[in-house]
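[1] Sequence unavailable; structure follows:
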């Protein structure tokens, strides 16, 4: 039996990055990975923090690895909680800061986006704006994510 899967093509990654950059009010970094967390496209806007790119890549990696938004891990990774220590796994690549979202098409994981360079709620808002801009291709968290309730 042969299984086919949807993938994040470079064209979709470019659309997501452009949408994120267009919604950003300050210089940021944006990364898009495939479903395995392998990088498809990453960019750091002029003036963005040097660490923003590495964080954006790792946020996208984390969202793809767990098929969940990166900020979903905050409570369970606190000292003494069930997943305490998770952030030191995989040489520290697991990032629980807001700004990473899986990309799904018809509910199936196809990749992830990571955004970094501002306050966590701003990173989330920029990532969600990119998802909304590509809603004809990817499923969106925009209606259900708590960041939307913060007015981000």
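    That came through fine. In this text, all values refer to a predicted model and were calculated from it rather than measured experimentally.
[2] Okay, helices next: where are they in this structure?
    Assigned by DSSP state H, the chain shows helices spanning 10-23, 50-66, 120-133, 146-149.
[3] Please tell me how far the residue most central in space within the chain sits from residue 63.
    Within the chain, the residue whose C-alpha comes closest to the C-alpha centroid is residue 100; the distance, by CA atoms, centre = their mean, is 2.4 Å. With the distance defined as CB to CB, to the nearest Å, residue 100 ends up 4 Å from residue 63. C-beta: built from backbone N, CA, C; applies to glycine.
[4] what about the protein, any weak spots by pLDDT?
    Within the chain, the stretches with pLDDT under 70 are 140-152.
[5] ok, longest strand in it?
    Counting by DSSP state E, the longest strand found in the chain is strand 108-116.
[6] Quick check: buried residues in it?
    Buried residues in strand 108-116, counted by 16 or more other CB atoms under 10 Å: 109-116.
[7] Strand partners (parallel or antiparallel) of it?
    When sheet partners are counted by DSSP bridges, strand 108-116 sits next to strand 29-34 (antiparallel), strand 100-105 (antiparallel).
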